[in-house]
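Q: mind folding the following:
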Amino acid sequence: MIAVIAGTGGQVTVRPVPPNATTAGRRRPGAVDAGAAGATGASVGLAFLLGRPLGPAGMTPLDALQAVEWVTGAVELVDGDRTSDVVLGSVARRPAGLDLALLGVTVEKDGQMATTAAGAGILGHPARALVQAARTAAEGTGGGAPLVAGTVVYVGRLVDVVPLEPGASVVATFNRLGTVAAVADRTTGGRSSAGPEGTPR
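A: Now for the predicted structure:
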């Protein structure tokens, strides 16, 4: 499985899922141990599970959404300029009926409001990032291969990276998609544990 990281402003990269990534299915109810990621900050975005292949040719944002099985909120754990892990939320919904451009998120740090954002912050609409991710992935294969069913595509960043000092917590609350949290471990100098509760449904 691969993770596709589609960034604000059109920057899209495709990289292997980190060994501890929640997108690889290594998750459990409650806290998800991401200490090995060495994260020093967190941002937020949306994660899409593809229910069928997403090819690059003639793809429109509507086509991209029709390939999606579900969408959920996500916290991106950041180490410097790299994504070290993506933690998926516990509430997942089919994109039909969701206005992803207007879907809002509130981010709190240590219980205080840090920032707010909406899905339109990702290329005007998150589905446009899906299209670009498919094209970028195809270019990377050299043969125009589609993203396969079962691929998790994370699109972000909806907000600037929030520093995770030892002991700090970041909580992202998504409209209709629940809450995802990241808490820096005081004993590991910024390494993080992050946790949705349960499994997307």
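Q: hey, which helix is longest across the chain?
A: In the chain, taking DSSP state H as the definition, the longest helix is helix 126-141.
Q: for that helix, buried residues please.
A: Within helix 126-141, the residues scored as buried using 16 or more other Cβ atoms under 10 Å are 126-138. The C-beta positions use only the backbone N, C-alpha and C, and glycine is treated the same way.
Q: give the next helix or strand downstream of the lowest-mean-pLDDT helix or strand in the chain.
A: Across the helices and strands of the chain, mean pLDDT, DSSP states H and E gives its lowest value to strand 32-34, namely a mean of 39. Following strand 32-34 in sequence order, the next helix or strand is strand 41-50 (DSSP states H and E).
Q: and that following strand with helix 126-141, angle?
A: With axes from the mean of the first three to the mean of the last three Cα atoms, to 10 degrees defining the directions, strand 41-50 sits at 80 degrees from helix 126-141.
Q: who does strand 41-50 pair up with?
A: Applying DSSP bridges, strand 41-50 is found paired with strand 68-79 (antiparallel), strand 152-155 (antiparallel), strand 162-163 (antiparallel).
Q: out of the ones you listed, which gets nearest to residue 109?
A: Across these, the minimum distance to residue 109, taken as Cβ to Cβ, is reached by strand 162-163, at 5.5 Å.
Q: hmm, residue 43 is touching residue 162, no?
A: Yes: here residue 43 reaches residue 162: they are 6.9 Å apart, a contact under Cβ atoms under 8 Å.
Q: so for the two, which sits in the more crowded spot?
A: residue 43 (24 against 21; other Cβ atoms under 10 Å).
Q: what stretches of this structure score poorly on pLDDT?
A: For the chain, the stretches flagged by pLDDT under 70 are 1-38, 140-145, 185-201.
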